[in-house]
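Asker: Quick one, structure for this:
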Amino acid sequence: QLQLVESGGGLVQPGGSLRLSCAASGFTLDYYHIGWFRQVPGKEREGVSCISSRDGATYYADSVKGRFTVSRDNAKNTVYLQMNSLKPEDTAVYYCAARRLTTVQFMCVMAVGDYWGQGTQVTVSS
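Answerer: Have a look, this model is predicted:
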């Protein structure tokens, strides 16, 4: 059974940091581009950051550039999203997704994925 599981969400004060993890089971992430997406009620899902399966190329939404960093550890079958300098507007449910035949830019801009996790809540508030 192919599954992605996110963890690491929580409540953090503005300016704080969190690291999200996306662990895969039932398949190997090596051959998949992985994306992080977020969604708030009443809004469309937004691509935050995506990382290539092959050369580690990355894509970041303008709203998170310089604050978020995506990385992958294929040995652990896990992808991470390090989020620094968090702002209240970063509050959302964060999802990871895996997709094979795509580019990281298309995956993030169009918010598409073949397999999705269940999401983890991130709340930035004082």
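Asker: Excluding chain neighbours, what is closest to the residue lying farthest from the centre of the chain?
Answerer: Residue farthest from the centre of the chain, counting by Cα atoms, centre = their mean, is residue 126 at 23.5 Å. The shortest distance from residue 126 to any non-neighbouring residue, by Cβ to Cβ, 6 or more residues apart in numbering, is to residue 13 (5.3 Å). From N, CA and C alone the C-beta is placed, and that goes for glycine too.
Asker: how close does the residue farthest from the centre of the chain sit to residue 86?
Answerer: Separation of residue 126 from residue 86 (Cβ to Cβ, to the nearest Å) stands at 11 Å.
Asker: what about the residue nearest to residue 16 when sequence neighbours are not counted, neighbour count?
Answerer: Sequence neighbours aside, residue 86 is the residue nearest to residue 16 in space, at 5.4 Å (criterion: Cβ to Cβ, 6+ apart). Neighbourhood size, residue 86 [other Cβ atoms under 10 Å]: 22.
Asker: Verify the stated contact: residue 86 with residue 124.
Answerer: Yes: judged on Cβ atoms under 8 Å, residue 86 makes contact with residue 124 at a distance of 4.5 Å.
Asker: Now do the shared contacts for these two.
Answerer: Shared contacts of residue 86 and residue 124 (Cβ atoms under 8 Å, 6 or more residues apart in numbering): 12, 14, 16.
Asker: Tell me the backbone dihedrals of residue 54, please.
Answerer: Here is the backbone geometry of residue 54 (degrees, to the nearest 10): phi -100, psi -60.
Asker: per-residue confidence at it?
Answerer: With respect to pLDDT, residue 54 scores 78.
Asker: In a strand, residue 36, correct?
Answerer: Yes: Residue 36 forms part of a strand when assessed by DSSP: H, G, I helix; E, B strand; the rest coil.
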